[in-house]
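Student: Next come a sequence and a model predicted from it.
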Amino acid sequence: MGGFRLGSDGLRYALYLGCMIANEEYAYEMSTREIMRELGVELVDLEGESCCGSPIRSLNTRLWLYLAARNLSLAERTGLDVLCLCSGCFESLLEAKHFLENNEALKKWVNEALSLEGLEYTGRCEVKHLVQVLHDDLGVERLREHVKKELKGLKLASHPGCHLLRPSKVLRADDPEDPRKLDELIEASGAEAIDYPEKLDCCGAGLLLMKPEGTMSFAGTKLKTLAAREVDGLVTVCPACHVVFDKRQGAISRQVGVDKRIPIIYYPQLLGLAFGIEPERLGIHLNSSPVEQILSKI
C-alpha cells in the first residue's frame with residue numbers, strides 16, 4: 001500500500017505540484033486543497049521540490065532521472081506517498097521509478113548525485129494521481145457522502161488525457177482502452193458523464209510550442225464533437241490539457257469552425273461545487289472558458 005497513512009485524522013499525502021500548477025494553473029491547486037480539506041485528507045507540501053524532469057527527458061535522460069528521483073527522495077523523507085495533480089508529472093515520476101527499479105547502475109549513479117544534498121532514493125513511496133486517490137483510496141461512496149448540492153441535469157464529458165493512461169504497463173491508473181474512473185467520479189457529483197468516441201484522443205498539448213497547428217487539429221476535433229453533442233462542459237484532470245481546451249479554446253474554435261464555447265472545468269472544481277464550496281474558493285474565476293454556464297445550471 002506504500003506510505004499513505006490512514007488514522008484518526010484521515011489520509012495523508014505528500015503533495016507534488018510540479019511547475020505548471022505552481023506557476024500558472026492555480027485553480028487546480030486551490031480546488032484540490034478545498035475538497036481535500038472537506039474530505040479530511042491532509043496534504044503535506046513537498047518542500048524543496050523541483051521540476052519533474054519531463055521537459056528535459058528527450059535531451060538528457062540522466063538529468064531527467066536525477067530530477068525525478070530527487071523529488072521522490074524528498075517524498076520518502078516524509079514517509080508518505082506522492083499525490084500528483086499533473087498527469088505529465090505523474091507519468092514522469094512513475095516512469096523514472098520504473099527505470100531505476102530495473103537498472104541498478106542508474107540507481108547507483110542517481111544516488112551518488114543525490115548524496116551531495118544528503119538525499120537518497122530507495123523507491124519506497126508510491127506515486128498516485130488525484131483520480132486514483134479520489135476513486136481508489138477514498139472511494140466514490142465517501143465522496144457522495146459529502147455532496148450537499150447534487151449537480152443533476154448537467155451533461156458532462158470527461159477528458160482523461162494521455163499521461164494518466166499510457167504507457168499502461170507502467171502507469172496502470174485506469175483501463176487504457178476503456179477508462180471509467182473519471183466518469184464515475186463525475187457521477188458522484190450527481191452529474192451525468194457521457195461516453196463519446198473521441199474520449200481517448202490526445203489534446204495536442206505536446207505540439208503547442210513546436211507545431212501549434214497540430215494542437216488545433218487534435219483539440220479542434222474533440223471540441224467539434226462535444227459541441228455537436230451539446231454537452232454542458234468538459235472535465236479535465238491535467239493542467240496541460242486544461243490550458244489547451246480552456247485558455248486556447250477561442251483560437252482553436254475559430255480555426256476549426258466551432259461557434260459554441262464549451263465550459264472547461266477541473267474535476268476538483270466540479271466536486272467542490274457539489275460540496276457546496278464557494279466558486280471563488282475553487283478558483284472558478286480563473287477559468288477562461290464560460291464556466292458561468294455551469295454555475296447558472298446548478
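Tutor: Arrived safely.
Student: all helices in the stretch 151-298 of the chain, in order from the N-terminus.
Tutor: Applying DSSP state H, counting those that start in this stretch to the stretch 151-298 of the chain gives helices spanning 181-188, 212-228, 239-242, 249-256, 267-274, 292-295.
Student: List just the one of these that sits closest to residue 19.
Tutor: Closest to residue 19 of the helices of the stretch 151-298 of the chain, according to C-beta to C-beta: helix 239-242, at 9.2 Å. For glycine as for every other residue, the C-beta is placed from the backbone atoms N, C-alpha and C.
Student: How far off centre is that closest one?
Tutor: How far helix 239-242 lies from its chain's middle: 8 Å, per C-alpha atoms, centre = their mean, to the nearest Å.
Student: Run through the neighbouring helices and strands of it.
Tutor: Here helix 239-242 touches helix 18-23, helix 87-101, going by 3 or more C-beta pairs under 8 Å, 6 or more residues apart in numbering; DSSP states H and E.
Student: Please enumerate the helices of the stretch 1-150 of the chain.
Tutor: Under the criterion DSSP H, counting those that start in this stretch, helices of the stretch 1-150 of the chain are mapped to 18-23, 26-39, 61-78, 87-101, 104-114, 130-132, 140-145.
Student: I'd like the helices of the stretch 151-298 of the chain as CSV, with mean neighbour count and mean pLDDT appended.
Tutor: Compiled in CSV, the helices of the stretch 151-298 of the chain are given as follows (neighbours: other C-beta atoms under 10 Å; pLDDT from 0 to 100):
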stretch, mean neighbour count, mean pLDDT
helix 181-188, 22, 99
helix 212-228, 19, 94
helix 239-242, 26, 98
helix 249-256, 17, 93
helix 267-274, 26, 99
helix 292-295, 16, 98
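Student: quick one: which of these is nearest residue 130?
Tutor: helix 267-274 (7.2 Å).
Student: and residue 114, what does it touch?
Tutor: 66, 69-70, 73, 120-121 (C-beta atoms under 8 Å, 6 or more residues apart in numbering).
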